[in-house]
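Enquirer: Have a look at this prediction, sequence included:
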Amino acid sequence: MLHKAERTIGNDVISIETGHLAKQADGAVIVRAGDTVVLVTAVSSKEAREGIDFFPMSVDYREKTYAVGKYPGGFFKREARPTAKEILTMRLIDRPLRPLFPKNYFNEVQIMGAVLSAEKERDADILALLGASAALSISSIPFGGPIAAVRVGRVDNNFVLNPTAEDLVNGDLNLVVAGTEDSVLMVEACSKELSEEDMIDAIVFAQESIKELVKMQGELLQNCAKPKQEVLAASEDTTLHDEIKEKFYDAIKEKSQTLGKMVRADVMSNLKKEIVSSYIEKIEAGDLTKKDIAEVFETLVNESARELILEEKKRLDSRGLADIRPITCEVGILPRTHGSAVFTRGETQALVVTTLGTSEDEQKIEGLGEAYYKKFMLDYNFPPFSVGETKPLRGPGRREIGHGNLAERALTPVLATKDKFPYTVRIVSDILESNGSSSMASVCGGTLSLMDAGVPISNPVAGIAMGLIKKDDNVCILSDITGTEDHFGDMDFKVTGTQCGITALQMDIKIGGIDRDIMEKALCQAKEGRIHILREMLATIKQPRDNLSDYAPRLVQVKINPNKIGTLIGPGGKVIKKLQEETGARIEIEDDGTVTISSVDGDSAEKAKEMVEKITEEVQVGKIYNGRVTSVKEFGSFVEILPGQEGLVHISELSNDYVAKVDDVVKLNQEILVKVIGIDDQKRIKLSAKAAIMS
């Protein structure tokens with residue numbers, strides 16, 4: 001039976017329906033907004049996976065090209081591996097859902113979203129997240145929802161719900177908020193230096209619409225929700241926990257505060273072995289397993305760390321709650337790159353390199369909307385040696401793509417426009433060490449690398465990762481969290497920005513959500529930390545270098561009359577090919593008449609520029625040119641005054657004296673000075689040697 005619920009959100013009517021398609025899935029819904037249609041399904045395995053200590057949920061999201069009447073690119077004409085956009089949407093869906101499942105639920109859950117029809121100006125990612133919540137809610141899968149999400153833009157200082165692509169281009173905010181009726185679960189944003197106050201207002205603005213979308217799902221559930229699967233209650237036998245805590249808790253608490261990530265890991269590993277050894281008889285008798293002890297040990301480590309922060313306001317590395325780890329910055333360390341930097345904060349280190357290119361190096365992006373070209377790219381790599389591990393390398397994973405995208409969004413707002421800096425820019429961040437917030441190290445290192453490369457950014461950008469430890473009304477906000485604090489904490493809140501405002505935001509909550517007060521405190525404390533980091537960075541390099549690297553291409557731009565493009569290219573590309581061969585420069589022409597000349601050698605670029613200007617120069621009446629005689633006739637001679645442009649010098653204009661025969665005065669290929677004395681309606685040029693002599 002078909003069931004449907006709908007709401008008007010902003011200017012859009014959003015509906016969720018079930019009971020028509022994919023009926024063998026545990027939960028399946030169709031979400032519509034205008035002509036955009038998304039199918040989302042949720043299915044779980046019948047039995048729990050044995051021997052695991054994590055929730056095995058996978059999220060898949062695909063944008064079918066038939067949704068907009070297009071063929072997939074490539075030889076096979078079939079959708080293949082997911083695009084970066086699809087992977088980012090999978091992460092967007094996964095992050096707010098994952099904390100809402102029972103901790104002891106280990107059945108495999110698979111959520112699949114597919115865009116079946118799409119308006120090119122509308123992104124379907126938010127509808128897919130809404131559909132995932134609805135599909136889980138009506139299914140038998142135990143899920144603590146429903147939740148919802150909305151996108152918010154800001155145009156002319158006014159917040160806009162469900163902004164169009166044009167709104168996002170013209171505005172200064174692209175914000176996605178996911179949450180329940182009462183609290184926020186996830187925030188992701190890119191903005192043009194919004195203040196902390198404006199960002200909070202935008203999140204609160206989003207929350208009002210989230211409430212309506214959650215209520216809409218509630219209406220759907222009243223009619224078609226399935227009975228939920230029974231989840232075995234977590235073991236309440238705390239005997240082993242209490243016993244180990246009584247014997248070893250003080251040692252755990254003390255050794256947890258060992259300074260140095262790798263040293264601490266060794267100390268804690270030895271302590272765990274000691275505890276296991278003390279129970280070896282019970283393990284050999286089969287009354288206990290090493291896994292049982294390891295689980296209790298991990299629980300006690302987390303308990304002791306949280307207690308230290310909540311009760312003593314002290315962190316494992318002895319820092320205060322708002323303290324930032326020591327920072328060192330280096331620039332220009334790689335001699336042959338266009339820009340390079342190493343940013344080190346505590347035990348997190350990023351090597352960040354900038355490469356400058358031309359328009360031919362732009363990345364073409366194809367999706368459901370119109371194809372476009374990216375002039376700025378940031379790639380993030382996380383090799384296993386950065387955390388002292390061995391692992392096969394199989395290309396960037398979802399985490400690496402997500403971290404790279406966050407850093408790219410953070411730096412995009414401060415880059416110069418194409419007309420001011422025509423280069424294509426690529427940044428690569430290679431993480432050399434990691435103990436917390438390597439994505440924020442990539443942002444800081446990216447800023448340093450851009451300035452070292454001479455890229456004219458409007459303001460330097462820094463990033464900081466914030467954490468949260470919460471127990472009842474006791475709330476502690478942590479600045480510059482380590483990997484361990486991220487693991488046992490309740491929030492991962494990454495904020496990037498300049499001294500003027502926020503450029504990117506990413507927040508994930510591991511508990512039931514947070515309110516405005518906590519967000520305001522976190523953003524305020526993050527700003528203080530960000531300003532501190534910026535000061536450390538600017539002590540190394542204060543502004544972009546005046547000159548580009550000797551190894552960077554030199555770009556020169558010339559604006560020509562679009563009608564002259566054909567003249568510059570020549571028949572079969574003859575003219576432009578000859579120019580490139582003679583100068584060694586690369587010449588690219590856009591439809592609006594913008595000519596970009598690139599060369600590693602600056603002199604070659606300037607030489608090519610002069611030749612382009614000469615070829616495309618407009619003939620001016622009254623100007624004297626040094627021309628070449630191209631043909632001699634009885635009535636006069638034709639003289640080329642600019643490449644491909646010639647005019648007639650009538651016999652009467654060859655000399656002040658009487659001329660009986662033209663070839664008495666001029667010969668073929670002779671160079672003579674001529675003055676333009678007129679251009680008729682047919683664009684024929686009239687020249688005079690006599691006038692040139694008299695001038």
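Expert: That came through fine.

Enquirer: Need the three-state assignment for A660.
Expert: Three-state call for A660 (DSSP: H, G, I helix; E, B strand; the rest coil): coil.

Enquirer: what about it, neighbour count?
Expert: When neighbours are defined as other C-beta atoms under 10 Å, A660 has 7 of them. C-beta here means a position set from N, CA and C on the backbone, and glycine is covered the same way.

Enquirer: do you know how far it is from I651?
Expert: When C-beta to C-beta, to the nearest Å is applied, the distance between A660 and I651 equals 9 Å.

Enquirer: likewise T412?
Expert: From T412 over to I651 the distance is 64 Å, taken as C-beta to C-beta.

Enquirer: Let me see the confidence value for the residue nearest to G512 when sequence neighbours are not counted.
Expert: Spatial nearest neighbour of G512, excluding adjacent residues (C-beta to C-beta, 6 or more residues apart in numbering): S183 at 6.4 Å. We have a pLDDT of 87 for S183.

Enquirer: Average pLDDT for the longest helix that the chain contains, rounded please.
Expert: Ranked by residue count and defined by DSSP state H, the top helix of the chain is helix 196-224. If you average the pLDDT over helix 196-224, you get 94.

Enquirer: Stretch 152-162 now?
Expert: pLDDT averaged over stretch 152-162 gives 94.

Enquirer: Pretty sure L468 sits against L478.
Expert: Yes: between L468 and L478 there is a contact under C-beta atoms under 8 Å: 7.1 Å.

Enquirer: what's the overlap in contacts for the two?
Expert: G489 (C-beta atoms under 8 Å, 6 or more residues apart in numbering).

Enquirer: mind listing what the one residue sitting closest to the centre of the chain touches?
Expert: What sits nearest the mean C-alpha location of the chain, by C-alpha atoms, centre = their mean, is N405, with 2.7 Å. Contact analysis of N405 by C-beta under 8 Å, 6+ apart lists A84, L88, L378.

Enquirer: mind putting the residues you listed in JSON lines, neighbour count, pLDDT and secondary structure included?
Expert: Output for the contacts of N405, formatted as JSON lines (neighbours: other C-beta atoms under 10 Å; pLDDT from 0 to 100; DSSP: H, G, I helix; E, B strand; the rest coil):
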{"residue": "A84", "neighbour count": "16", "pLDDT": "93", "secondary structure": "helix"}
{"residue": "L88", "neighbour count": "19", "pLDDT": "96", "secondary structure": "helix"}
{"residue": "L378", "neighbour count": "24", "pLDDT": "97", "secondary structure": "strand"}
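
Enquirer: for those, which one is nearest G602?
Expert: Nearest to G602 out of these is L378 (C-beta to C-beta; 27.5 Å).

Enquirer: ok, the closest one to F343 distance?
Expert: From L378 to F343 the distance is 14 Å (C-beta to C-beta).

Enquirer: Stretch 56-75 - what's its average pLDDT?
Expert: Average pLDDT, stretch 56-75: 90.

Enquirer: Where does the prediction get shaky in the protein?
Expert: The chain contains residues with pLDDT under 70 at 234-235.

Enquirer: now the helices: where do they sit in the stretch 201-350 of the chain?
Expert: With DSSP state H, counting those that start in this stretch as the criterion, the stretch 201-350 of the chain has helices at 239-255, 261-278, 280-285, 290-312.

Enquirer: Quick check: which of those helices is nearest to S604?
Expert: With C-beta to C-beta as the criterion, S604 lies closest to helix 261-278 of the helices of the stretch 201-350 of the chain, at 50.3 Å.

Enquirer: In that closest one, which residues are buried?
Expert: Buried residues in helix 261-278, counted by 16 or more other C-beta atoms under 10 Å: K261, R264, V267, M268, L271, K272, I275, V276.

Enquirer: next one: it to chain centre, how far?
Expert: 39 Å (C-alpha atoms, centre = their mean, to the nearest Å).

Enquirer: Run through who's touching that helix.
Expert: 244, 247-248, 251-252, 255-256, 258, 283, 290, 293-294, 297, 301, 316, 347, 388, 435, 482-483.
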